[in-house]
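[1] with the input below, show me the fold.
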Amino acid sequence: MEYTEGKEKFIKTWGELGTNWGINKTMGMIHGLLLIEVEPLSCDQIMEELDISRGNVNMNTRTLVEWGLIHKKERQGTRKEFFVAEKDIWKVFKSIIKKRKEKELHPMIHLLDEVSPMKPIDEKSAEFIKMMQELSLFSHKADKALDNLVNSKSNILVSSYLKLIK
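    Residues are numbered from 1 along each chain as shown. Model (predicted):
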């Protein structure tokens, strides 16, 4: 496989995979492109490379910056915005976890905490309350585990993982 073909395949696949971790395909493709580029790219360069509109590039780069997956880079002598991807994959992973917790886990915890204190009035409501409490307990533990993961250093996690698979 040649470089151009491999690059296109990576960007397309990264975009598709991005939908699994909470971003749209185009956003994933922009992130994939910036991840493999050596130099920062302008909106015009991203538009040309991926054949997408300026509005699409602007909207998606803004969101990627909010997620901490890309950063703006200034260049002297130009007013254009340039973008680079966070190259530290551990930081990328942690940013994704933080956003997924914020968008998915925290609303669920809030809901479960709201409905768990209900008083049972019959067998159905007692079963409902029991399930809500179990889900709440699990969700809080998952939240703490993810916090520990996000706050850990990558080399500690990698060495622990390697010990597990030996």
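
[2] you'd agree M47 is up against N58?
    No. Distance between M47 and N58: 9.6 Å, which falls outside the contact criterion (Cβ atoms under 8 Å). (Each C-beta comes from the backbone N, C-alpha and C, glycine too.)

[3] neighbour count: these two, which is higher?
    Set side by side, M47 and N58 give different neighbour counts by other Cβ atoms under 10 Å, the larger being at M47 (17 against 14).

[4] return the set of buried residues in the helix or strand containing the more buried one.
    Secondary-structure element containing M47, defined by DSSP states H and E: helix 43-50. Using 16 or more other Cβ atoms under 10 Å as the test for burial, helix 43-50 gives C43, Q45, I46, M47, E49, L50.

[5] got a list of contacts for stretch 40-47?
    Residues lying outside stretch 40-47 but in contact with it, judged by Cβ atoms under 8 Å, 6 or more residues apart in numbering, are 30, 33-34, 49, 52-54, 57-58, 61, 73, 75, 80-84.

[6] show the buried residues in the residues you listed.
    When neighbours are counted using 16+ other Cβ under 10 Å, the contacts of stretch 40-47 contain these buried positions: I30, L33, L34, E49, V57, T61, E81, F82, F83, V84.

[7] can I get those residues in JSON lines with distance to H106?
    Rendered in JSON lines, the data for those read as follows (distance: Cβ to Cβ, whole Å):
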{"residue": "I30", "distance to H106": "26"}
{"residue": "L33", "distance to H106": "30"}
{"residue": "L34", "distance to H106": "28"}
{"residue": "E49", "distance to H106": "35"}
{"residue": "V57", "distance to H106": "30"}
{"residue": "T61", "distance to H106": "25"}
{"residue": "E81", "distance to H106": "31"}
{"residue": "F82", "distance to H106": "33"}
{"residue": "F83", "distance to H106": "28"}
{"residue": "V84", "distance to H106": "29"}
